[in-house]
Every structure is written in structure tokens, then in C-alpha cells.
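Asks: task: produce atomic coordinates for the following.
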Amino acid sequence: MSFEQAFGRPPAGVWAAPGRVNLIGEHTDYNDGFVLPLALDRHTVVAAAPAAVTTVRSSRERAPVTFAAGSVKPGEVEGWAAYVAGVVWAFREAGLPVPDLDLFVEGDVPVGAGLSSSASLECAVAVALAGTAGVPVDRTRFAALARRAENDFVGAPTGGMDQMAAMHGRAGHLVFLDTRSAEVEPIPFDPAAHGLALLVVDTRAPHRLVDGQYGERRRDCAEAAALLGVPALRDATVEAVEELTDARLRRRARHVVTEDERVLQVVARLRAGEDPRGVGPLLSASHASMRDDFAITVPHVDVAQEVCLRAGAHGARMTGGGFGGCVIALVDADRVDAVAAAVAAEYAQRGWVAPAPFVAVPSDGAGPA
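Replies: Below is the predicted model of the structure:
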């Protein structure tokens, strides 16, 4: 189905926003810390045209969803369309124009894989709203509004990394984000130029962030920061964290503090033009921290990470919020197929659903398609 088939006329315009892979910096964003994602060459595409009432249709969903842009409020729209309605609501709350539109959504960002399909949808809708209303795109502001849609309309307690990556992505670069200041710096990252590839292995173990585990980690981090007397874990030291008497909070805080340091080390090496192979061990250390201290990995991702390393990856880690999703591996370009095949063979031996590998290419952020 296309926009024309769904609505019987051509769209006024078409906009798109990418999914994202986070190279390193997991669960640091809501702790005022540092993250280092890249925008994928996989997108959510939104075609739009003015209408009397907003109607949202998707190539993935049969039933249309309808609401009034001028009055929609949290709780009124549920399911996947809540991400669309949430952006409309957030724009309206911010005083931006929100015309009623016919919207048709399609894309190739895997859903439930930890590649930020939700932020991709939100940011595509944001630039579509701006484009149809003639509003200049403010990338940082739009990312914040998209995050508000996810937090306050949908009810998913995510940080702001995903939306900032979708808005600020740049081909051939990582998005180095200080989540406290919202300062963004593009960091050159061209694995192919070094004979490398960033392999993404969708483990097909879906993750869901609206259920309790993500929120529990946020609460643990906030409690640890309060006990340490700092505004956020970004401000804590490893030495102070080790003094926490609660073992669970100590582990959670240790992951965040050491992960921030790992992000800064990766940025420093890439800024200096070093061979990206050198950041591999930091990726693997990040995975160990997520597994042992933050406790957000699951067998599917642990197995994929271990197999990638055994098959020759320079480093590998789970990426995304956890409890499923994807593993990334920095591999020599001529080893991509071999590493992917090794993971597939291990999964087959265990009777698991086959993983879905692909190579991530750093790409541009949201805009006209």
C-alpha cells in the first residue's frame, strides 16, 4: 500500500528519519552522561498531506487511526500510532502549529530490535509536521519534543539519545552527545576506509522498554546519585561508587560511571585519527559491564557477542536499552560473512530463531526523503 492507495491522492511531501545504533554509551543518557550513536541507513518514511482530521495509516498495520490534532491528549491514542499522536501533542504544547494531516508510514527499521524504530517514527513525524506547516527545523528542539512524546504521551521512560541521533546524524560520522548540555559534536567514523565494517546482529530477541525493567534501572541510578550526593551519576567517581553499601546500587552506578569513561576514551581515539580497531576492547568492556553490573543482557545477546569475538571481531557489545535487541561487532570487512555465519550456526545449534545481520553505515539525520 502507498499514500495514494490509502488516501486517493498524492502526498504534499515525504519525509524520513533514520534508526540508530549506539556505538557505545548505554544507559548514560538519563544520567546526564555521554553517548556515541550513529544514524543508520534504515529509515521510517512519512508521506503527508493536509486533511480535515488527522488519519494515520501504515504499511504494517491494516486499520487506520484517527484523531484531532488540535485536541489529542495522552491516553487518547494507544499502540504504534501513539508515537505519532504524541509528537503532534508535544508540538502543540510547545506552541508550534499542528495541522491535521493524512499520514502514511512505512520503513525498514526493524521493530523491537533496539534500533530505535520509535524515535525514528517520532522524528519523521516531527519533520513532516514542520514541512507541511512551513516551520524551520530546529534539530535539538525537535529531538526534545520527540522525546517528550515518548516519555509523557506514550509512557516510555527513555533518555534523549535516540531522538538526538535521528535528528543530528551525519553521513560518515558518529554523534557525540553530552546529554546534560545537549551539545553535539560529529566524530568522523568511516570503518570502510580502514578495511572494517560495523556488523549489526539483530538477535531476534525483542526488547520492550515500556515494561518495568528499564524504569527500575532509572530508579536505581537516581537512588545511587542521591546517596552519593551528586546531581546525576555523570558527576560521580568510581572511588565514591565503590563506597556504596548496597551491592545492587553499587553495580548499577559502576556501570554508568565506567561507561561514561569508555565513551570519552573512544571519542579521544577517533578524534586523534587512530585506527578504529583500537576501540574494540572498549566495546567488549562495555558489554561485560552491561552484563555483570547493569544486568540488562539476555542469553541471545551474550551468545552472539561471545561468538562474534571468537570469530575474529575486534570488539563486540549489545546495543540499545537491553533485554534483547542487537549486538554490534567491529570486524574486518572481509570477515563480515564469516562472523555472521558463526552466530547463525550457534543459534541453529541451540534451536533459536535465526539472527538477522546487516552492516551499519553512518548516515544523515531526519529531513525530506
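
Asks: do you have the strands of the stretch 201-350 of the chain handy? List them.
Replies: 315-319, 325-332 (DSSP state E, counting those that start in this stretch).

Asks: can these go into CSV with extra columns for distance to residue 103?
Replies: Just so you know, the C-beta spots here come from the backbone N, C-alpha and C atoms, and that holds for glycine as well. Converted to CSV, the strands of the stretch 201-350 of the chain look like this (distance: least, Cβ to Cβ, whole Å):
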stretch, distance to residue 103
strand 315-319, 29
strand 325-332, 27
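
Asks: nearest to residue 100, out of the ones you listed?
Replies: Taking Cβ to Cβ, strand 325-332 is the member of these nearest to residue 100, at 35.0 Å.

Asks: now that closest one against strand 315-319, angle please.
Replies: Relative orientation of strand 325-332 versus strand 315-319 (axes from the mean of the first three to the mean of the last three Cα atoms, to 10 degrees): 160 degrees.

Asks: just the CA atoms of strand 325-332, as CSV, please.
Replies: Provided in CSV are the C-alpha atoms of strand 325-332 (Å, rounded to 0.1, in the frame of the first residue of the first chain):
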residue,chain,number,x,y,z
GLY,A,325,17.8,-6.5,20.6
CYS,A,326,21.0,-6.2,18.7
VAL,A,327,24.7,-6.9,19.1
ILE,A,328,27.3,-4.8,17.2
ALA,A,329,30.7,-6.1,16.3
LEU,A,330,33.7,-4.3,14.8
VAL,A,331,35.1,-6.7,12.2
ASP,A,332,37.4,-6.7,9.3
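
Asks: can you list contacts of that strand?
Replies: 21, 23, 112-115, 191, 195-203, 205-207, 276-277, 279-280, 283, 301, 304-305, 308-309, 312-320, 339, 360 (Cβ atoms under 8 Å, 6 or more residues apart in numbering).

Asks: please pick the buried ones from those residues.
Replies: 21, 23, 112-115, 191, 196-203, 205, 207, 276-277, 279-280, 283, 301, 304-305, 308-309, 313-320, 339, 360 (16 or more other Cβ atoms under 10 Å).

Asks: where in the chain is pLDDT low?
Replies: Within the chain, the stretches with pLDDT under 70 are 206-211.

Asks: how about a cut-off of 50?
Replies: Along the chain, the parts satisfying pLDDT under 50 run over 210.

Asks: quick one, helices of this structure?
Replies: Here the chain has its helices, by DSSP state H, at 3-7, 81-93, 117-133, 139-148, 161-168, 212-228, 238-241, 247-271, 280-292, 299-310, 336-350.

Asks: can you put those helices in CSV and add distance to residue 106?
Replies: Shown next, in CSV, are those (distance: least, Cβ to Cβ, whole Å):
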stretch, distance to residue 106
helix 3-7, 9
helix 81-93, 13
helix 117-133, 10
helix 139-148, 19
helix 161-168, 16
helix 212-228, 27
helix 238-241, 45
helix 247-271, 33
helix 280-292, 32
helix 299-310, 28
helix 336-350, 26
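
Asks: what's the most buried one of those helices?
Replies: Among these, helix 161-168 has the highest mean neighbour count (mean count of other Cβ atoms under 10 Å), at a mean of 30.

Asks: report the angle between that one and helix 117-133.
Replies: 40 degrees.

Asks: residues contacting helix 161-168, please?
Replies: Taking Cβ under 8 Å, 6+ apart as the rule, helix 161-168 contacts 17-20, 22, 25, 29, 35, 37-39, 116, 118-120, 122-123, 126, 139-140, 142-144, 146-147, 150, 175, 177, 179, 182, 184, 186, 365-366.

Asks: looking at the strands of the stretch 201-350 of the chain, which is nearest to residue 104?
Replies: Counting by Cβ to Cβ, residue 104 lies closest to strand 325-332 out of the strands of the stretch 201-350 of the chain; the figure is 27.1 Å.

Asks: what pairs with that closest one, parallel or antiparallel?
Replies: strand 196-205 (antiparallel), strand 315-319 (antiparallel) (DSSP bridges).

Asks: list the contacts of residue 149.
Replies: Shown in contact with residue 149 (Cβ under 8 Å, 6+ apart): 83, 86, 87, 89, 90, 122.

Asks: distance to residue 97 for those residues - can I get that in CSV?
Replies: Written out in CSV, the entries for the contacts of residue 149 read as follows (distance: Cβ to Cβ, whole Å):
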residue, distance to residue 97
83, 20
86, 17
87, 13
89, 13
90, 13
122, 18
